[in-house]
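# Would you be able to build a 3D model of this:
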Amino acid sequence: MGKETTLISTKIAGVEIPVIYERSALIPAGKVRLIFQGAGNVQDGALIGRSALLEELLNRGSKSRGNVGFAEALEREAISLDVSSGLQTLSFSLDFLSEARDSALVLLGELVKDPNFTAAELKKAKTAIIARILANQNDYDYRAEELLDSVLFAGTPLAQSKLGSKEDIERLSLKDIKQAYADALQLKRLIIIIGGDVELEEITRALDSMLSHLPQGQPYEKPTFQVRENPESKSDYAPTQQAYIYFGSPLYVGDLAKERYLARVAAFILGSGGFGSRILEEVRVKRGLAYGAYIRFYPSTYTSYTSGYLQTKLESQDEAIAVVKQTIAGFVKNGATQAELDAAKKFLLGSEPLGSETLSQRLTRAFSDYYVGLGVGFSQKELDQIRTLDLATLNAYIKAHGEIEKLSFGIITAPESSPKTKNQSKN
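This is a model prediction of the structure:
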């Protein structure tokens, strides 16, 4: 991947834009992604739900064609055009057959320049978002994860729901959406991804024509967010026969390039590796407390943390929580075994081809590495780091990260469940 997927640049209206590119003629199809940084729900501020509503509206076509007309134009030539809003990005994702390239780019340009921002579509978009909010009230996994986020990231934009509440959505205006869109589309915040059976110069020439009207703006400076260090539990109640338990903790990262592979191996052994991982072994195999349980590490440059999950019987809730805490404490104290390290290496190195089989996977991985400052192709270097990792180095890393024991919890449970849990809760 590192040799095939490259980082180049193109100039639009005098601004140098980074381009992640891979030529692949295996299938007569192409991909174009426009990713604007500084445009996700981190920027919503007091206007909670704004980025979600913007995403919904942008997926309703252009003003000139309307929702139905735009969808029909895409369908006629098997073109896919999707807009998504993340934590810190707004992304336009275009997929097309090579023969439909020109039509696809025309429709992308039309959507960028003339989105369907009308009062009628805003009303429909609000109805769709509110329906999702109401449906989520019966999704106990969703609710438990939101509870954990509200605790783990308290005091930061990451603590608030992307969708917000029914009231949050209802109070948003068309002016709010238009302003968010205008703020998002700045050339100095753009990253372009191009791949497939396409000529790079033809695509960049079309994009120059399409985007040259946008303001240069200012480069995006990624904020950093602190994770709660003082453990706290928050519970909410529902008519459920199971306890939905989400948990997480801080994960300190000094140098991501030197530490990410260590976090990846440690997490695999502790809880992200499925059967054989410590947490699943203790929670399911030895005690039968849950069908599944995991913990993953998320090392990054803007916020680093661990996050895990299990679902158990109401009467086993406190025991399951205690087992998770004990397992993580034992892992920090005693580290991994040589057998565990060997198994982790075998899986991580052996499964690597599965994670880069498709063009889409390779481009996504290249973007992820670039976005966190590691550079396109870093994932290949990371494999070499894993391959040469020794047990002493891994265990020194694990022992140095006692902060992962500072677990906070988000729990959806029944009102009549453990009094102990209820006494710890803060609603």
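# Pick out the residue closest to the middle of the protein.
In the chain, the residue lying closest to the centroid (CA atoms, centre = their mean) is residue 86, at 6.9 Å.
# Now do the contacts for it.
Counting by CB atoms under 8 Å, 6 or more residues apart in numbering, residue 86 touches 40-41. C-beta here means a position set from N, CA and C on the backbone, and glycine is covered the same way.
# how far away is it from residue 184?
12 Å (CB to CB, to the nearest Å).
# do the same with residue 235
37 Å.
# now residue 333
Applying CB to CB to residue 333 and residue 184 gives a distance of 47 Å.
# which one of the two has more residues nearby?
Between residue 333 and residue 184, residue 184 has the larger neighbour count (other CB atoms under 10 Å), namely 23 against 11.
# Grab the nearest non-local neighbour of the more buried one.
Distances taken as CB to CB, 6 or more residues apart in numbering put residue 39 closest to residue 184, at 3.5 Å, once the chain neighbours are dropped.
# what sits against the one you found?
Contacts of residue 39 by CB under 8 Å, 6+ apart are 51, 85, 88-90, 180, 183-185, 189.
# Sort out for me which of those residues are in strands.
Per DSSP state E, strands hold the following members of those: 85, 89-90.
# now these in CSV, with neighbour count?
Converted to CSV, those look like this (neighbours: other CB atoms under 10 Å):
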residue, neighbour count
85, 25
89, 21
90, 26
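# CSV please, covering these and showing distance to residue 344.
Shown next, in CSV, are the ones in strands among the contacts of residue 39 (distance: CB to CB, whole Å):
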residue, distance to residue 344
85, 35
89, 31
90, 36
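# Among those, which one sits closest to residue 371?
residue 89 (8.4 Å; CB to CB).
# pLDDT score assigned to the closest one?
As predicted, residue 89 sits at a pLDDT of 97.
# Tell me how far it lies from residue 33.
For residue 89, the distance to residue 33 equals 10 Å [CB to CB].
# again with residue 317
Residue 317 is 43 Å from residue 33, by CB to CB.
# what about those two, which has more around it?
residue 317 (24 against 19).
# Excluding chain neighbours, give the residue nearest to that one in space.
Residue 317 sits nearest to residue 243 (CB to CB, 6+ apart), 4.1 Å away.
# May I have the residues that are in contact with the one you found?
Contacts of residue 243 by CB under 8 Å, 6+ apart are 311-314, 316-317, 320, 411-414, 417.
# any idea where the strands of this protein begin and end?
6-12, 15-23, 29-37, 80-85, 89-97, 190-196, 233-237, 242-250, 293-298, 305-313, 408-413.
# Export these to TSV and append columns for distance to residue 151.
Below are those laid out as TSV (distance: least, CB to CB, whole Å):
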stretch	distance to residue 151
strand 6-12	38
strand 15-23	36
strand 29-37	27
strand 80-85	24
strand 89-97	25
strand 190-196	32
strand 233-237	5
strand 242-250	8
strand 293-298	16
strand 305-313	11
strand 408-413	5
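# and residue 381, which of these is closest to it?
Among these, if distance is taken as CB to CB, the winner is strand 6-12, at 14.5 Å.
# Run through who's touching that closest one.
Contacts for strand 6-12 (CB under 8 Å, 6+ apart): 16-22, 187, 190, 192, 200, 204, 207-208, 211-212, 214, 366, 370, 375-376.
# Give the PyMOL command for selecting the buried subset of those residues.
Only the buried entries of the contacts of strand 6-12 go into this PyMOL selection, using 16 or more other CB atoms under 10 Å:
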select buried, resi 17+18+19+20+21+22+187+190+192+200+204+207+211+214+366+370+376
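# Poorly predicted segments of the chain, please.
Within the chain, the set of residues satisfying pLDDT under 70 comprises 1-3, 417-427.
# buried subset of the contacts of residue 243?
Buried, going by 16+ other CB under 10 Å: 311-312, 314, 316-317, 320, 411-413, 417, out of the contacts of residue 243.
# Looking at the residues you listed, spot the one nearest residue 127.
residue 412 (26.4 Å).
# Show me what the closest one bridges to in the sheet.
residue 236, residue 244 (DSSP bridges).
# got the contact list for the closest residue in space to residue 165 that isn't next to it in sequence?
Distance criterion CB to CB, 6+ apart; nearest residue to residue 165, sequence neighbours excluded, is residue 133 at 6.7 Å. The contact partners of residue 133, by CB under 8 Å, 6+ apart, come to 163-166, 169.
# Against residue 32, how distant is residue 133?
Distance from residue 133 to residue 32, by CB to CB: 32 Å.
# Neighbours of the closest residue to residue 109 other than its chain neighbours, how many?
Using CB to CB, 6+ apart and skipping residues adjacent in sequence, the residue nearest residue 109 is residue 210, 4.0 Å away. The burial count assigned to residue 210 is 18, neighbours taken as other CB under 10 Å.
# these two touch, right, residue 210 and residue 114?
No. Here residue 210 lies out of contact with residue 114, judged by CB atoms under 8 Å, at a distance of 11.7 Å.
# those helices in the stretch 251-400 of the chain, which residues are they?
Along the stretch 251-400 of the chain, the segments classed as helices by DSSP state H, counting those that start in this stretch run 256-267, 278-280, 317-334, 338-350, 359-371, 378-387, 391-399.
# Among those, which comes closest to residue 158?
Per CB to CB, nearest to residue 158 of the helices of the stretch 251-400 of the chain: helix 359-371, 16.6 Å.
# Contact partners for residue 43?
51, 88, 157, 180, 183.
# now do 10 Å
50-51, 85, 87-88, 90, 157, 180, 183-184, 220, 223 (CB atoms under 10 Å, 6 or more residues apart in numbering).
# what does residue 381 give?
Under the criterion of CB under 10 Å, 6+ apart, the neighbours of residue 381 are 2, 257, 261, 369, 374-375.
# List the residues that contact the closest residue to residue 159 other than its chain neighbours.
Leaving aside its chain neighbours, residue 159 sits nearest to residue 153 (4.3 Å; criterion: CB to CB, 6+ apart). Residue 153 sits next to 159-160, 225-228, 248, 303, 305, 408 when contact means CB under 10 Å, 6+ apart.
# Same question for residue 55.
40-41, 82-86, 90-91, 125, 129, 162.
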